[in-house]
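Enquirer: coords below, sequence missing:
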């Protein structure tokens, strides 16, 4: 991955302030969750969400295709892969995560705090991008999402993939070939993917807390998120075929 971040509207420990302006772009962990009913009001019980933003260097992938390191379109499949991070908290089960293309550019940021949400900046739940910021900069970002929580392409032609998690400790592996091929062809901007719970899971009167993956800043190099290209690269011979050959035959 070339950029990743966790964005959230969750409460901090006070249960009064939401982390909508927080940035976690420099954290070595990525997190998805849904928390239901920590607080209540006349409007009902609260809902808190956390989502992942992740992008990949499409120009490098395109260059590899030009150099014939990667086969032509139709002969290769691309999979987004994230690796489960073990943690001491409750792990949700029986839920679905989607990988939906992000519809506009966003800035990774330098935030680290995933507990109190003190590192303000972009990108975050409200804002997508602005000029680079230093840690703990509480300035107002210059570019906001159209929809809080991120803008994503979710129509029937927008190549949204999904994966069902039975135990909750599985790695994520979703086929995103159609979208990556569009990015390589340059027919649409390459802004990466948002990874989050389905709208049906998020609407349930229950919590899914918490699913964590290793981020691109993890010390565990082989567990960092990546886009994997797969194709049949075997070189076959004809040892399974038999021929009659003789100077006495026509």
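Expert: Great, that's in hand. All figures in this text were calculated on a predicted structure; none of them were measured in a lab.
Enquirer: Distance from the helix or strand containing residue 59 to the middle of the chain?
Expert: Secondary-structure assignment from DSSP states H and E places residue 59 in helix 58-66. Computed by CA atoms, centre = their mean, to the nearest Å, the chain-centroid distance of helix 58-66 equals 20 Å.
Enquirer: next SSE after that helix?
Expert: Scanning forward in sequence from helix 58-66 by DSSP H and E, the next helix or strand is strand 77-82.
Enquirer: Give me the helices and strands touching the next helix or strand after that next one, please.
Expert: Where DSSP H and E defines the elements, the next helix or strand beyond strand 77-82 is strand 95-101. On a contact count with 3 or more CB pairs under 8 Å, 6 or more residues apart in numbering; DSSP states H and E, strand 95-101 meets strand 161-165, strand 172-175, strand 193-197, strand 208-214. To be clear about C-beta, it is placed using only N, CA and C from the backbone, and glycine gets the same treatment.
Enquirer: Run through this protein and note the low-pLDDT ranges.
Expert: Within the chain, the set of residues satisfying pLDDT under 70 comprises 130-142, 156-159.
Enquirer: quick one, which of the helices and strands packed on strand 95-101 is packed in tightest?
Expert: Ranked by mean neighbour count under mean count of other CB atoms under 10 Å, those are led by strand 193-197, which reaches a mean of 25.
Enquirer: What pairs with that strand, parallel or antiparallel?
Expert: strand 44-55 (antiparallel), strand 95-101 (antiparallel) (DSSP bridges).
Enquirer: what is the orientation angle of it with strand 77-82?
Expert: For strand 193-197 against strand 77-82, the angle by axes from the mean of the first three to the mean of the last three CA atoms, to 10 degrees is 60 degrees.
Enquirer: residues making contact with strand 193-197?
Expert: For strand 193-197, the external contacting residues (CB atoms under 8 Å, 6 or more residues apart in numbering) are 30, 32, 34, 49, 51-55, 80, 82, 95-102, 149-150, 152, 172, 176, 179, 202, 208.
Enquirer: Any of these buried? List them.
Expert: Buried residues within those, counting neighbours by 16 or more other CB atoms under 10 Å: 30, 32, 34, 49, 51-55, 80, 82, 95, 97-102, 149-150, 152, 172, 176, 179, 202, 208.
Enquirer: mind putting the strands paired with strand 193-197 in TSV, distance to residue 164 included?
Expert: Shown next, in TSV, are those (distance: least, CB to CB, whole Å):
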stretch	distance to residue 164
strand 44-55	17
strand 95-101	5
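Enquirer: closest one to residue 225 among the ones you listed?
Expert: strand 44-55 (6.0 Å; CB to CB).
Enquirer: returning to what we had before: want to try JSON lines for the helices and strands packed on strand 95-101, with distance to residue 144 as columns?
Expert: Below are those laid out as JSON lines (distance: least, CB to CB, whole Å):
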{"stretch": "strand 161-165", "distance to residue 144": "27"}
{"stretch": "strand 172-175", "distance to residue 144": "28"}
{"stretch": "strand 193-197", "distance to residue 144": "16"}
{"stretch": "strand 208-214", "distance to residue 144": "26"}
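Enquirer: which one of these lies closest to residue 129?
Expert: strand 193-197 (14.4 Å).
Enquirer: Direction-wise, compare the closest one with strand 161-165 and give the angle.
Expert: Going by the same axes, to 10 degrees, strand 193-197 is angled at 40 degrees with respect to strand 161-165.
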